[in-house]
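1. structure of the sequence below:
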Amino acid sequence: MITRREVLISAGFLGTYAILKPYGLSFAQSSELPVFALRGDGKVAVIDPRRDEVIKVIETGGRGGTLGSISKDGRFLYVANNAPENRTVSILDTSRLELIKNLETGNRPKHPVVSPDGALVAVNHSGLDGQAIRVVLISTSNNQIVATVNLPVSNKEHKGDFSMHGSWSPDGRLYAVGNYADNKFYLIGREGKVVSEVSTSGNPHYFDWRGKELWVTVEFNKPKGGLSAPNVYIYDISDPASPLYKGILKPELDVLEKQDQARIEGHHGNFTNDGKLFILCNRGASPFEGTTIAIYDPDSRMEIAKINSEVKGVAHAYITPDGRYAVITQYGDTKFEVIDLSQRKSVKVVDTGIGRHMGHAVFVGNKMYITNRVADSVFVVDTQRWEILKRIQTAPSGQAQGQVVRDFYQVFERVGRAFLV
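-> Residues are numbered from 1 along each chain as shown. Next up, the predicted model:
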């Protein structure tokens with residue numbers, strides 16, 4: 001018999017805020033998976049959505065593991081250990097709720113992303129190996145590296161992260177990833193060869209696809225000035241060796257954003273589940289006070305709605321599985337905002353009243369699990385009434401709560417439909 005105290009000790013903390021029951025649970029099917037709350041302190045807190053409780057805390061042995069991905073069959077969770085001096089991706093068994101191994105991939109693994117067919121995991125790195133940004137491809141059949149790509153860096157004076165996120169094309173033939181130092185992105189084939197590279201006017205941060213179109217969100221054009229804006233470049237990738245430029249989105253920012261350049265720094269842009277809308281968030285640089293959310297018609301590429309959010313540091317537009325709402329998460333506030341996509345207007349702002357940086361969400365039935373990094377918490381929200389049901393604290397301290405994951409995805413805001421073909 002496992003005692004309550006033994007469960008608490010195995011979870012890595014004791015506290016009155018977490019009343020844990022003996023876990024011994026089996027999550028044999030991907031539809032029954034728990035919610036995995038990735039933490040930067042080397043832990044993954046496992047939340048059972050049937051209880052809305054932490055049932056186990058898995059020690060990864062790494063640090064900075066705030067981003068990860070679930071394999072297509074739901075068997076594995078890949079967590080990138082991104083803290084300085086870390087070089088491994090932690091691979092977890094999602095059924096047995098345990099660490100399988102730490103696989104060395106390179107300097108500061110950033111964001112693992114699983115291919116459409118589920119066969120490969122692409123991992124980029126935000127640090128340099130030698131004078132190159134490394135991308136590795138991992139086979140999900142044996143969790144071994146099958147290809148390594150080193151992307152040379154010209155701007156040796158660059159400070160900060162060298163690469164942030166990557167994304168697979170819907171047909172699984174190409175992986176797109178950015179180079180912050182040189183302001184360019186690459187298309188890499190699944191065999192591990194660079195197919196093409198394209199220069200941009202800012203840091204290529206996020207990639208989303210609609211069929212053969214690749215939409216690239218850059219955080220701002222450089223150098224920053226009065227005309228700076230978070231741009232989105234659009235390319236036709238019918239010929240991957242020669243991407244064809246099709247246009248650019250340049251959202252009109254509000255008055256305060258124009259007056260303060262620190263408020264200009266776009267973050268993520270993504271399509272809705274049906275591909276009929278594209279949502280772009282202007283987060284702003286630290287202390288993250290951007291408030292502009294721009295909504296576009298992807299066919300005409302015209303801006304059809306603009307929301308000046310009540311939330312500061314708008315970053316991600318998580319689409320509910322039914323496609324009705326976008327939940328705006330952020331970096332600089334205690335709140336999240338709910339947008340009705342049919343009306344294209346804000347319908348609710350929910351304040352947790354504690355912490356800030358509510359960056360990530362997942363949906364299970366009529367509930368949403370949304371993170372609050374500074375409060376070390378995951379909040380459970382009723383998505384019918386958009387009211388907080390419960391606060392789940394994932395650790396007693398550390399301000400390290402990162403992404404929550406449960407589903408196979410390509411861009412983490414759109415788990416309802418991973419690929420738009």
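2. give the rounded mean pLDDT of the strand or helix carrying T329.
-> Per DSSP states H and E: T329 is located in strand 325-330. Averaging pLDDT along strand 325-330 gives 97.
3. so what strands line up beside that strand?
-> Sheet pairing of strand 325-330 (DSSP bridges) gives strand 314-319 (antiparallel), strand 335-340 (antiparallel).
4. tell me the helix or strand right after the last one.
-> Along the chain past strand 335-340, the next helix or strand (assigned with DSSP H and E) turns out to be strand 345-351.
5. give the next helix or strand downstream of that following strand.
-> As assigned by DSSP H and E, the chain's next helix or strand after strand 345-351 is strand 361-364.
6. what angle do the very next helix or strand once past that next one and strand 345-351 make?
-> Using DSSP H and E, the helix or strand that directly follows strand 361-364 along the chain is strand 367-372. Orientation of strand 367-372 against strand 345-351 (axes from the mean of the first three to the mean of the last three Cα atoms, to 10 degrees) gives an angle of 60 degrees.
7. which helices and strands sit right next to strand 367-372?
-> Counting contacts by 3 or more Cβ pairs under 8 Å, 6 or more residues apart in numbering; DSSP states H and E, strand 367-372 packs against strand 35-39, strand 325-330, strand 361-364, strand 377-382, strand 401-405. (Each C-beta comes from the backbone N, C-alpha and C, glycine too.)
8. only alpha carbons, please: show it as CSV.
-> C-alpha atoms of strand 367-372 as CSV (Å, rounded to 0.1, in the frame of the first residue of the first chain):
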residue,chain,number,x,y,z
LYS,A,367,-12.2,22.2,-19.3
MET,A,368,-9.1,24.2,-20.1
TYR,A,369,-5.8,23.9,-18.2
ILE,A,370,-3.9,27.1,-18.4
THR,A,371,-0.5,27.9,-16.9
ASN,A,372,0.7,30.7,-14.7
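9. most tightly surrounded among the strands paired with strand 325-330?
-> Of all the strands paired with strand 325-330, strand 314-319 has the most neighbours on average by mean count of other Cβ atoms under 10 Å, namely a mean of 27.
10. what residues does it touch?
-> Outside of strand 314-319, the residues within contact range by Cβ atoms under 8 Å, 6 or more residues apart in numbering are 267-268, 270, 272-273, 279, 281-283, 288, 290-293, 325-331, 337, 339, 341, 359-361, 363, 412-414, 416.
11. can we see that at 6 Å?
-> 267-268, 272-273, 279, 281, 283, 293, 326-331, 361, 413-414 (Cβ atoms under 6 Å, 6 or more residues apart in numbering).
12. got the CA coordinates for it in PDB?
-> Coordinates of each C-alpha in strand 314-319 appear next as PDB, following Å, rounded to 0.1, in the frame of the first residue of the first chain:
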ATOM      1  CA  VAL A 314      -0.500  39.200 -25.700                       C
ATOM      2  CA  ALA A 315       1.400  36.200 -27.100                       C
ATOM      3  CA  HIS A 316      -0.600  33.100 -28.100                       C
ATOM      4  CA  ALA A 317      -4.100  32.600 -29.500                       C
ATOM      5  CA  TYR A 318      -5.200  29.100 -28.400                       C
ATOM      6  CA  ILE A 319      -8.100  27.800 -30.400                       C
END
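13. any idea how far that strand is from the chain center?
-> Put simply, strand 314-319 sits 10 Å off its chain's centre (Cα atoms, centre = their mean, to the nearest Å).
14. thinking again about what came up before, any chance of the strands paired with strand 325-330 in TSV, plus distance to L92 and mean pLDDT?
-> Listed next are the strands paired with strand 325-330 as TSV, based on distance: least, Cβ to Cβ, whole Å; pLDDT from 0 to 100:
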stretch	distance to L92	mean pLDDT
strand 314-319	23	96
strand 335-340	27	98
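15. between the helices and strands packed on strand 367-372, which one is closest to N82.
-> Comparing the helices and strands packed on strand 367-372 against N82 with Cβ to Cβ, the closest turns out to be strand 401-405 (9.5 Å).
16. sheet partners, orientation included, of that closest one?
-> Under the criterion DSSP bridges, strand 401-405 sits next to strand 35-39 (antiparallel) in its sheet.
17. centre of the chain to the strand it pairs with, how far?
-> Mean-position distance between strand 35-39 and its chain equals 12 Å (Cα atoms, centre = their mean).
18. same deal with stretch 93-108?
-> Once both centres are worked out by Cα atoms, centre = their mean, stretch 93-108 turns out to sit 18 Å from its chain's centre.
19. next, the buried residues of that stretch.
-> If you call a residue buried by 16 or more other Cβ atoms under 10 Å, then stretch 93-108 has these buried ones: 94-95, 97, 99, 102-103, 105-108.
20. of all these, which two lie farthest apart?
-> Farthest-apart pair in the buried residues of stretch 93-108 is S95 and N107; separation 31.2 Å (Cβ to Cβ).
21. dump the strands paired with strand 325-330 to JSON lines, plus distance to V153.
-> As requested, these are arranged in JSON lines below (distance: least, Cβ to Cβ, whole Å):
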{"stretch": "strand 314-319", "distance to V153": "26"}
{"stretch": "strand 335-340", "distance to V153": "36"}
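22. quickly find the element holding K258.
-> Using DSSP H and E, K258 falls in helix 255-259.
23. isn't F278 up against F271?
-> Yes: counting by Cβ atoms under 6 Å, F278 touches F271, with 5.4 Å between them.
24. what about the stretch 151-300 of the chain, any weak spots by pLDDT?
-> Along the stretch 151-300 of the chain, segments meeting pLDDT under 70 span 221-228.
25. let's go with 80 and repeat that
-> Scanning the stretch 151-300 of the chain for pLDDT under 80 picks out the ranges 220-229, 253-266.
26. show me the strands in it, by range?
-> In the stretch 151-300 of the chain, the strands defined using DSSP state E, counting those that start in this stretch lie at 166-168, 174-179, 184-189, 194-199, 202-210, 213-221, 232-236, 244-249, 266-271, 278-282, 292-297.
27. now these in JSON lines, with mean neighbour count and distance to A315?
-> Listed next are those as JSON lines, based on neighbours: other Cβ atoms under 10 Å; distance: least, Cβ to Cβ, whole Å:
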{"stretch": "strand 166-168", "mean neighbour count": "23", "distance to A315": "17"}
{"stretch": "strand 174-179", "mean neighbour count": "26", "distance to A315": "17"}
{"stretch": "strand 184-189", "mean neighbour count": "22", "distance to A315": "20"}
{"stretch": "strand 194-199", "mean neighbour count": "15", "distance to A315": "24"}
{"stretch": "strand 202-210", "mean neighbour count": "24", "distance to A315": "10"}
{"stretch": "strand 213-221", "mean neighbour count": "24", "distance to A315": "11"}
{"stretch": "strand 232-236", "mean neighbour count": "20", "distance to A315": "15"}
{"stretch": "strand 244-249", "mean neighbour count": "14", "distance to A315": "17"}
{"stretch": "strand 266-271", "mean neighbour count": "26", "distance to A315": "5"}
{"stretch": "strand 278-282", "mean neighbour count": "27", "distance to A315": "5"}
{"stretch": "strand 292-297", "mean neighbour count": "21", "distance to A315": "10"}
